[in-house]
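Visitor: I'd like to go over a predicted model; first the sequence, then the structure.
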Amino acid sequence: MFPLFNLMYTVIEQKIKVLLDQKFQEEEYADCFLIEVKHHANNKLEVFIESESGMTFDKCRRISRYLEGYIDTEGWLGEKYVLEVSSPGVSRPLKLERQYSLNIGRKMEVSFLEGKPKIGILKAVTEGSITLEETVKVKVGKKKKTELIQTVIPFNQITKAVVKISF
């Protein structure tokens, strides 16, 4: 029975993706993109969207109402469900290469397939990689000196990247 529920969730998630692809063709939403759709067992549907011009509460509300119209009309989730449309927030790991450009200049922690994580400032994003600038201490004779080092990191080597909040 469990695989049947997973199939149902996958079908609903795909339908939501198609609806959003259509919505994002509209001029007002052309800079929006889908990060993730999560359908939970308690009939809660989370839709994470990002926008290159910034995801506002009003944009989230209008997209939510757009989706609710189809969900209600088609009866995809029944009468009782929870729909949450939001940006992923800074505590969630980046999932798409497109998200990195929105975070240039911010402090990040990047984990890799091998080796320990690096924390630094995201300086650049190119097709296939990012450049992270970190402060390291190097030994020069008997003294330690602080240096800024920029490291180019291919996307295929990143297992997790999270924006770090600085106060």
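Guide: Happy to help now that I have it. Numbering: from 1, shown residues only.

Visitor: Pull the distance from the host helix or strand of Asp58 to the chain's centre.
Guide: Mapping Asp58 onto the secondary structure by DSSP states H and E places it in helix 57-74. Relative to its parent chain, helix 57-74 has a centroid offset of 20 Å by CA atoms, centre = their mean, to the nearest Å.

Visitor: Remind me what that helix packs against, helices and strands.
Guide: Under the contact criterion of 3 or more CB pairs under 8 Å, 6 or more residues apart in numbering; DSSP states H and E, helix 57-74 touches helix 2-23, strand 44-51, strand 82-86. To be clear about C-beta, it is placed using only N, CA and C from the backbone, and glycine gets the same treatment.

Visitor: May I have that helix exported as PDB, CA atoms only?
Guide: Below are the C-alpha coordinates for helix 57-74, written out as PDB (Å, rounded to 0.1, in the frame of the first residue of the first chain):
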ATOM      1  CA  PHE A  57       4.700  37.500   0.400                       C
ATOM      2  CA  ASP A  58       2.300  38.900  -2.200                       C
ATOM      3  CA  LYS A  59       3.800  36.700  -5.000                       C
ATOM      4  CA  CYS A  60       3.600  33.700  -2.700                       C
ATOM      5  CA  ARG A  61       0.000  34.500  -1.900                       C
ATOM      6  CA  ARG A  62      -1.000  34.900  -5.600                       C
ATOM      7  CA  ILE A  63       0.700  31.700  -6.600                       C
ATOM      8  CA  SER A  64      -0.900  29.900  -3.700                       C
ATOM      9  CA  ARG A  65      -4.400  31.000  -4.800                       C
ATOM     10  CA  TYR A  66      -3.600  30.000  -8.400                       C
ATOM     11  CA  LEU A  67      -2.700  26.500  -7.200                       C
ATOM     12  CA  GLU A  68      -5.600  26.200  -4.800                       C
ATOM     13  CA  GLY A  69      -8.000  27.000  -7.700                       C
ATOM     14  CA  TYR A  70      -6.800  23.900  -9.500                       C
ATOM     15  CA  ILE A  71      -6.400  21.700  -6.400                       C
ATOM     16  CA  ASP A  72     -10.000  22.500  -5.300                       C
ATOM     17  CA  THR A  73     -11.600  22.200  -8.800                       C
ATOM     18  CA  GLU A  74      -9.800  18.900  -9.600                       C
END
